[in-house]
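J.: need the 3D shape of this:
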Amino acid sequence: MIENLVDTNVEGKMLVENLTRCAKCNKTSEPFEQLKMCTDCRSVWYCTVDCQKAHRPLHKKYCKQAKMLIKTFKDVNSINADNDDDDDNLFDFKLLTMDDCPICLIPLPITKSEVMYKVCCGQVMCASCQCEADRTLSETNNKRTRADQPQLYSHCAYCGQIDPRSDEEELKYLKKRLEQNDAEAFLYASRAHMLGQCGLPKNPQKGFELCQKAIEIEPCNTDAHSLIARYYEDGLSVQKSITKARHHDVLGAKAGDYHSRYNLGCFEYGRGNRSLAIKHWLIAATIGQTQALRYIACEYKIGGVSKNRYKNAILNYRKIYKACWSEQRERFKMEHARLILSNDE
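T.: Next up, the predicted model:
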């Protein structure tokens, strides 16, 4: 595996995040426009020859070790000819058209944890908009407290309905959405049954059936195909079947889902089809999958991916995230990260 050469969660991340920064003086630049790469280890970049010479004493030991590891890896793991039994149009990918958030009117975030489904009205919105509404409500309630006025309840940022204050209320909302054949509601209920949340008992079998219903309602729902692939892959309430999991990942990838595309790359890599894996990861990185970009960064380091293909993947990755960036969402991510750190402590 590629992890034998580098820890992709650490060094791959370093390659992705530092390729626009001079290793010596920290000068930043657009990728490959001005910075020059160390051609031995393919891991660091410099803005001038002087910076490269000045950094050489610090970099020399690591560079030598990395060069030897790369040579060993390339000798043992040559890229074989494709063992491609896929249909002809699997790699004719399309970018998934992201709906706009109904509140801020910016394309919904790529990262699923930054998107939320509201059971009251069935809207899918960015979590930062609801967080901003809650923050405003908190400030209002502080003023009302000082004025001896009653507190206001938190409410949906879109429809204004009061948020469920108990599992029973949430299930009541959810039932109405299910009766309206809302595919997102079926997915929401499927995950709840899978994990035993929202007052629902942990019942993977019921969750699997609800996920199947979501696909019946929306055959091209990428989240549904990705979720049902996990049911088959992990054998949750169904007989474990990598073949069926791959089938749904293929359907999700064709519809533009980056996570399904990334999983196909991992599947091919596990079968020894490194060339096919790189193709899938390049597409996944191009449409916003971070882990796939880290794998491609490591493949570029060992010569498995050309400079132009790596550059295009990075530029498209940045373009995808730039389209759905906002100061409010950036603030939400920082607050969410601080909350996670405080909980860990």
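J.: any weak-confidence spans in the protein?
T.: Residue ranges of the chain with pLDDT under 70: 1-20, 28-35, 73-88, 92-96, 343-345.
J.: all the strands of it, in order from the start?
T.: Shown for the chain, the strands assigned by DSSP state E span residues 36-37, 45-46, 115-117, 124-126.
J.: could you identify which of those strands is most buried?
T.: Ranked by mean neighbour count, the strands of the chain are led by strand 45-46 with a mean of 24 (mean count of other Cβ atoms under 10 Å). Where you see a C-beta, it was placed from the backbone N, CA and C, and this is true even at glycine.
J.: in terms of secondary structure, what does it contact?
T.: For strand 45-46, the elements it packs on are strand 36-37, judged by 3 or more Cβ pairs under 8 Å, 6 or more residues apart in numbering; DSSP states H and E.
J.: thinking again about what came up before, nearest to K206, of the strands of the chain?
T.: Closest approach to K206 among those (Cβ to Cβ): strand 115-117, 18.4 Å.
J.: name the residue most distant from the centre of the protein?
T.: The C-alpha centroid of the chain is most remote from D148, which lies 45.4 Å away (Cα atoms, centre = their mean).
J.: how close does that residue get to S138?
T.: 18 Å (Cβ to Cβ, to the nearest Å).
J.: next one: K322 from E114, what distance?
T.: Distance, K322 to E114, by Cβ to Cβ: 15 Å.
J.: for stretch 50-70, buried residues please.
T.: Buried positions in stretch 50-70, judged by neighbour count with 16 or more other Cβ atoms under 10 Å: 51-52, 55, 59, 63, 66-67, 69-70.
J.: which one of those residues is nearest to Q289?
T.: For the buried residues of stretch 50-70, the closest approach to Q289 (Cβ to Cβ) belongs to I70, at 24.2 Å.
J.: just checking, the closest one touches R42?
T.: Yes: the criterion here is Cβ atoms under 8 Å, and I70 meets it with R42 at 7.4 Å.
J.: for these two, list the residues in contact with both.
T.: Overlap of the contact sets of I70 and R42 (by Cβ atoms under 8 Å, 6 or more residues apart in numbering) consists of 301-303.
J.: buried subset of those?
T.: Buried members of the shared contacts of I70 and R42, scored by 16+ other Cβ under 10 Å, are 301-302.
J.: now the buried residues of stretch 50-70 in TSV, with distance to L341?
T.: Putting those into TSV (distance: Cβ to Cβ, whole Å) gives the following:
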residue	distance to L341
C51	34
Q52	37
H55	32
H59	32
C63	34
A66	32
K67	37
L69	33
I70	35
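J.: what's the farthest-apart pair in the residues you listed?
T.: The widest separation within these (Cβ to Cβ) is 24.3 Å, between C51 and L69.
J.: show me the helices in the protein, by range?
T.: Assigned by DSSP state H, the chain shows helices spanning 11-18, 49-76, 127-146, 167-179, 183-195, 204-217, 222-234, 242-254, 258-270, 274-286, 290-301, 307-323, 327-344.
J.: in CSV, list those helices along with distance to C156.
T.: Below are these laid out as CSV (distance: least, Cβ to Cβ, whole Å):
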stretch, distance to C156
helix 11-18, 36
helix 49-76, 52
helix 127-146, 8
helix 167-179, 10
helix 183-195, 15
helix 204-217, 22
helix 222-234, 21
helix 242-254, 29
helix 258-270, 27
helix 274-286, 33
helix 290-301, 30
helix 307-323, 25
helix 327-344, 17
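J.: N89: which of those is closest?
T.: Distance to N89, taken as Cβ to Cβ, is lowest for helix 242-254 among these, at 7.5 Å.
J.: CA-only coordinates of the closest one in CSV, if you can.
T.: This file holds the C-alpha atoms of helix 242-254, laid out as CSV (Å, rounded to 0.1, in the frame of the first residue of the first chain):
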residue,chain,number,x,y,z
ILE,A,242,-17.9,-6.1,-1.6
THR,A,243,-19.4,-6.6,-5.1
LYS,A,244,-22.7,-4.9,-4.1
ALA,A,245,-20.9,-2.2,-2.2
ARG,A,246,-18.8,-1.5,-5.3
HIS,A,247,-21.9,-1.5,-7.5
HIS,A,248,-23.5,1.3,-5.5
ASP,A,249,-20.2,3.2,-5.3
VAL,A,250,-20.1,3.0,-9.1
LEU,A,251,-23.6,4.5,-9.3
GLY,A,252,-22.7,7.2,-6.8
ALA,A,253,-19.4,8.0,-8.7
LYS,A,254,-21.2,8.3,-12.0
